[in-house]
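Student: Quick one, structure for this:
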Amino acid sequence: MGTILRCIQRPPHGGDTLWADMNAAYEGLSSAMQSFLSGLEAVHDFNNFRRKFDHLPLRERHQKIAELEEQLPNPVIPVVQIHPVTGQKILFVNELYTMSIKGLRADESKAVLNFLFQQAKMPEYQFRFHWEPNSMVFLGKSPNSALCVE
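Tutor: Numbers count the residues shown, from 1 in each chain. Next comes the predicted model:
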């Protein structure tokens with residue numbers, strides 16, 4: 001249904017949170033681009049979790065990472081998802097985890113993904129909240145339905 005976040009203590013610098021409405025990002029695409037993306041699948045790699053092995057000697061680190069990759073192979077996920085409650089189409093790509101698009105050459109995949117990553121960064125598809133101590137945010141099905149209490 002949504003997420004509730006509350007600020008207890010704010011850092012001395014920064015501290016804003018930014019959300020991207022990936023349904024709005026999808027809707028902002030041309031119908032030709034929406035058609036192109038329909039049916040494409042992206043490879044996701046949770047490479048950030050590999051850092052938890054950085055403290056290990058090189059040989060042991062490689063062994064642990066290989067075990068992790070065997071247990072949790074990189075998922076292949078549709079680029080366009082259907083929200084299970086609202087039925088809205090959303091872009092399901094993330095600059096941290098989406099590595100490539102299956103079936104495209106590396107240069108094509110990189111170009112399409114970079115375009116989609118930039119789509120999510122457009123201010124009209126984002127919601128920014130500046131936190132203060134004891135402020136609270138409820139995010140519903142999209143950032144446009146945010147309720148902020150300070």
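Student: CA atoms for contacts and neighbours, from now on please.
Tutor: Noted.
Student: quick one: contacts for the closest residue to residue 41 other than its chain neighbours?
Tutor: With sequence-adjacent residues excluded and distances taken as Cα to Cα, 6 or more residues apart in numbering, residue 41 is closest to residue 78, at 4.1 Å. When the contact criterion is Cα atoms under 8 Å, 6 or more residues apart in numbering, the partners of residue 78 are 39-42, 92.
Student: Now do the SS call for residue 77.
Tutor: Remark: residue 77 carries the secondary structure label strand [criterion: DSSP: H, G, I helix; E, B strand; the rest coil].
Student: no wait, residue 5
Tutor: Each residue gets one of three states, and residue 5 gets strand by three-state DSSP.
Student: What is the burial count for it?
Tutor: The local packing of residue 5 (other Cα atoms under 10 Å) involves 11 other residues.
Student: what secondary structure does the most centrally placed residue in the chain sit in?
Tutor: To find the centre residue of the chain, average its C-alpha atoms and take the closest one (Cα atoms, centre = their mean): that gives residue 94, at 3.5 Å. Using three-state DSSP, the three-state assignment for residue 94 comes out as coil.
Student: can you pull the contacts of the residue nearest to it when sequence neighbours are not counted?
Tutor: Nearest residue to residue 94, sequence neighbours excluded (Cα to Cα, 6+ apart): residue 117, at 6.9 Å. Under the criterion of Cα under 8 Å, 6+ apart, the contact partners of residue 117 comprise 93-95.
Student: Show me which of those is closest to residue 26.
Tutor: Proximity to residue 26 was ranked across the contacts of residue 117 by Cα to Cα; first place goes to residue 93, at 10.9 Å.
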